[in-house]
Each structure stands twice: as structure tokens, then as C-alpha cells.
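Peer 1: here is my input; please provide its structure:
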Amino acid sequence: MSEDPAPTSPNAENGASPADSATATCPCQTDFVIDAPCRIIKADGGTVQMTASNLPGVSGGSYAWTTGSAKISLANANSATVTVEGLATPSSGRDAETITVTRSADGCADVVKTVTVTVAKVNFSAATTQRYGYDDFDTAANPLDDHVSIKKSDHTFLKVDIEGGALGTDFDFVCDDATVCTPVAPGASASFDLRLDAGAKNKNDTTLHAKVKCPAATSFANIQVHVFKEKKVEVVVAKIYDSNEAGTNLRFPTADYSSHTATVNNKTKEAVVKFDISNYDASNAQTDVRYDLDGNGAMTYDIKSGGGVELDAIKSAMTGTGTKVRIAIVRAMKSYYYLSAAAAAGDTTITVTAGSVFNYPAGRNVALGTGATQENVTVASSAGSTITLGAALANAHAAGDPLEFPAGGWSSDPILIIEGSATLDVIKWTIAHETGHRSLSLADVDDTNDIMHWMQSWTDYRLRYCPRTKKHTAGTENQWDTIPR
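Peer 2: Purely as a prediction, here's the structure:
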């Protein structure tokens, strides 16, 4: 019969007790993992997240993130995941901002690693190589409201400048609607002209972005891109005089108005408009028309009737022009409203046959009447067919007496433009202005930098996306969008 073995002596194996596995400790760590897939940060508010984690199979420890850079800030810096924000100023170079990550564990030395980031800024602006338009919306300091135009199925260029050390290859340049525009991927440069290819759209727009190549795909800059079918305008210009009236002889009888085509198109390309200006006479000679029927040495224009008999004479003479916009240059013109009712001496208002009256230039004196009772009056204001004068009439005037209106041209058919005392350059630009009314459906605006400025006092000759204030009616007009395509 067997017996139970005796208990082990407490002194066996030097008296040591078996170890408790619950109190075992891991060896101190010498490394950890940093997950930072996005290391290019948008200046002035862009953010990325970075995460620190233990090696596989390791637990415990804590993390702290610090930086000495004045170009980034850290949020939740005493956690495994930190948010890095780009401040206003871009980096001085690539990877110029250093972030230190420290892992701490009880009884172990700290483990320290670093990660570098770049604070970058992308700027869009007009390229010197652009083929169409760029409108900064009159807010040069705010590029986010800028606009680019491109001809349908054509291309243009946009200037790109990247600050902070990032390069063009760090970004995807993409349009929200790729059927409207497609950028051509740039090279590894910080400053370049980005090519934009337009889709086959008659009129459409989309937004172009510069998106950083990382999972966040943050847009660092954007701009509106407009694609338009090119509006082609064919114009034929005749230099008209009446050999029966010496007063109609032209000041610029040899002017070559067709030569102004390229100069006009250099401006109208912004709105994707192209002029073709030709001379009515093949040899660029004057055209003799018996039009001065009232013998006043000028073209008489009846505003209410859309021209009158003298315009009809010129219209009949300009044959064989097809669908081209016809323009007649004459030496002088008198444009008239006519009184619909008699006015007595002392009256301060008059009425005319036209249903409404154009605004007269402030303080402008104009002739009322003919012969011995003719007098100069100042138009203070108008409402419909009623005109208020700046002073009482000195003479009585019969119904039908003419009231002159100062006009440098009319968008009739043919369009009438006077030489007057204007320079030849002003006359050439008046051709584009008056054609703008007829062919481009554009209103007179109050902006001397615009072709459609209501007076011949231009300082530039643009067509704009940024809405222009209308002169004769309330509201504004976006010229790029208004033009029929």
C-alpha cells in the first residue's frame, strides 16, 4: 500500500516562492510609431492630425507633443492624437517646422522622436501668358473671389505661386466638374503657369482647386473658371460724307478703322469676344451719300423715330454688307427730341414726343428751338416724357420744336458715330462701344475702365465679370454672363 508523498520543505530551492505572473513587468521600450500621413499644412487655419502609438504587442505609456515653431500650434498635445494647425505665415522652407513627440512610462527613460512639417500657401493670379480673361472682382487682397475665362474647347494659363517650400507636385489641381475644365499636371516647381483646358461648353463654370496629395485632400486655394463659346462680331465701317454740304467733310478721311481690330480684341478677349472690323470701301475711300437733307451740316437724328430720313439715306447707301454690323462715321450729328406740346415763356417744364428721355449730362446746356426763338436750356431732370429745366424759358416754343440731346453715336442700323472733336483713337473705341450695345446686348455703365462706359472718357477698355453699375437704369450688369453665346 502506497503512502502520500511528504510536503515540500519551505527551505527547498532556497525558500523561493513561485513568481506571480500578474505582477510581471515588460521591458522598457526604445521606440514607438508615428502616423503622420499629411505633413504639408495649409497656412492660416489648415489642420492635420498625427497619432503616436506603441509597437505591436506593447501597452501602457503616455505621449506629449511639443514644438518651438511660431508657425504652427498644437491642440490636444498631451494625448496620443494631436491636431496641428498652420498659422498665418508660411514656412521658410520645406520641413522647416519640427514637432517633438515624447513617450513616457513609469520606471523607464523617455523615448523621444521628431516629425517635420511644412506650412504652405498657394496663390492664384493672372498669368502673363493668359489667353482670355482674369477678373479680380476689384478686391485685389482677396483672391478667393477671382474669376478666369476660357474659350470653349481652348485653353488658358493661370499663375500659381506656392509659398513655404511645397511644390506643384505636392498638389492635385482639379476642377469640380472635369467636363468644364481640366488642368494639366505641373512639374516640381514652386512658381509656374498652370495650363487649363476648357471643355466643349457654350456657357458653364466650375471651381478649380489646389488639393494637397494626402488623405485629407485639403484645398489650399480655389478659383472660379468660366467657359464660353466665343462671340464673334463682324463689323463693317463706312466713312460717310455729303459732297453737297462742305460741313460734312470728314476730319479723318484716310483713317483705317479695320486696323483697330487687334487692339480691340486684346481687351474683349476677357469676355471671350472677337471682333472682325473691315472697311466698307475696298480701297478705304470715303463714301459719298446725299444725306444732309436739311442742310445743317450735320446728320440729323430723330430719337423717337429711331433715326429718321437722313439715317434712311445712309442705310440705303450701305449695301452688300450681309449680316455684318454696319457702322457709319459722319462728321457731325444733331440728335433731337421734339416738343409734343407748345411751351410758353416762363415755363420750367416741357414735354417731348418720346415716351422716356435719356439722362442728360449734369449741367449740360443744349439748344431748344430754331431761328430767332432758339435758346440754350439746362436739363435738370427728366421723368418719362416730361423734362424739368434748370431755369424758366426765355421764349415761347411751338409743338414740334427740337430739343438737342448730346450723343456721340447711336446703336441704330447702321450704327452712327460722329467724329466731332474727338481724337481718332476715341472714335475707334466708340466703334467697339456702340457695337457692344447692338451685338453684345450690353448696357451703358458707369466705369471709365470699361468699354461700355457711357461717355467717351475711357481710361481702359475692359469687359468685366464683376458687376458694373448701369447708367440709365437701376442695377448692375455682369458683362461676361450677359453676352449671348
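
Peer 1: please make it C-alpha for all contacts and neighbour counts, starting now.
Peer 2: Will do.

Peer 1: strands of the stretch 51-200 of the chain, start to end?
Peer 2: Along the stretch 51-200 of the chain, the stretches classed as strands by DSSP state E, counting those that start in this stretch are 62-67, 72-75, 81-86, 97-104, 111-126, 133-135, 147-151, 155-163, 171-175, 181-183, 191-198.

Peer 1: neighbouring strands of the fourth one in the sheet, and parallel or not?
Peer 2: Yep, that's strand 97-104 we're talking about. Take DSSP bridges as the rule and strand 97-104 pairs in its sheet with strand 62-67 (antiparallel), strand 111-126 (antiparallel).

Peer 1: quick revisit: got the strands of the stretch 51-200 of the chain as JSON lines, with mean neighbour count columns?
Peer 2: Below are the strands of the stretch 51-200 of the chain laid out as JSON lines (neighbours: other Cα atoms under 10 Å):
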{"stretch": "strand 62-67", "mean neighbour count": "19"}
{"stretch": "strand 72-75", "mean neighbour count": "19"}
{"stretch": "strand 81-86", "mean neighbour count": "21"}
{"stretch": "strand 97-104", "mean neighbour count": "19"}
{"stretch": "strand 111-126", "mean neighbour count": "20"}
{"stretch": "strand 133-135", "mean neighbour count": "24"}
{"stretch": "strand 147-151", "mean neighbour count": "27"}
{"stretch": "strand 155-163", "mean neighbour count": "20"}
{"stretch": "strand 171-175", "mean neighbour count": "21"}
{"stretch": "strand 181-183", "mean neighbour count": "23"}
{"stretch": "strand 191-198", "mean neighbour count": "21"}
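
Peer 1: quick one: the ones you listed as JSON lines, columns for distance to Leu293 and mean pLDDT too.
Peer 2: Supplementary listing: the strands of the stretch 51-200 of the chain in JSON lines, determined by distance: least, Cα to Cα, whole Å; pLDDT from 0 to 100:
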{"stretch": "strand 62-67", "distance to Leu293": "88", "mean pLDDT": "98"}
{"stretch": "strand 72-75", "distance to Leu293": "80", "mean pLDDT": "98"}
{"stretch": "strand 81-86", "distance to Leu293": "76", "mean pLDDT": "98"}
{"stretch": "strand 97-104", "distance to Leu293": "83", "mean pLDDT": "98"}
{"stretch": "strand 111-126", "distance to Leu293": "53", "mean pLDDT": "98"}
{"stretch": "strand 133-135", "distance to Leu293": "46", "mean pLDDT": "98"}
{"stretch": "strand 147-151", "distance to Leu293": "47", "mean pLDDT": "98"}
{"stretch": "strand 155-163", "distance to Leu293": "52", "mean pLDDT": "98"}
{"stretch": "strand 171-175", "distance to Leu293": "61", "mean pLDDT": "98"}
{"stretch": "strand 181-183", "distance to Leu293": "57", "mean pLDDT": "98"}
{"stretch": "strand 191-198", "distance to Leu293": "53", "mean pLDDT": "98"}
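
Peer 1: and the ones you listed as CSV, adding distance to Thr321?
Peer 2: Shown next, in CSV, are the strands of the stretch 51-200 of the chain (distance: least, Cα to Cα, whole Å):
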stretch, distance to Thr321
strand 62-67, 75
strand 72-75, 67
strand 81-86, 63
strand 97-104, 69
strand 111-126, 39
strand 133-135, 31
strand 147-151, 27
strand 155-163, 33
strand 171-175, 43
strand 181-183, 38
strand 191-198, 34
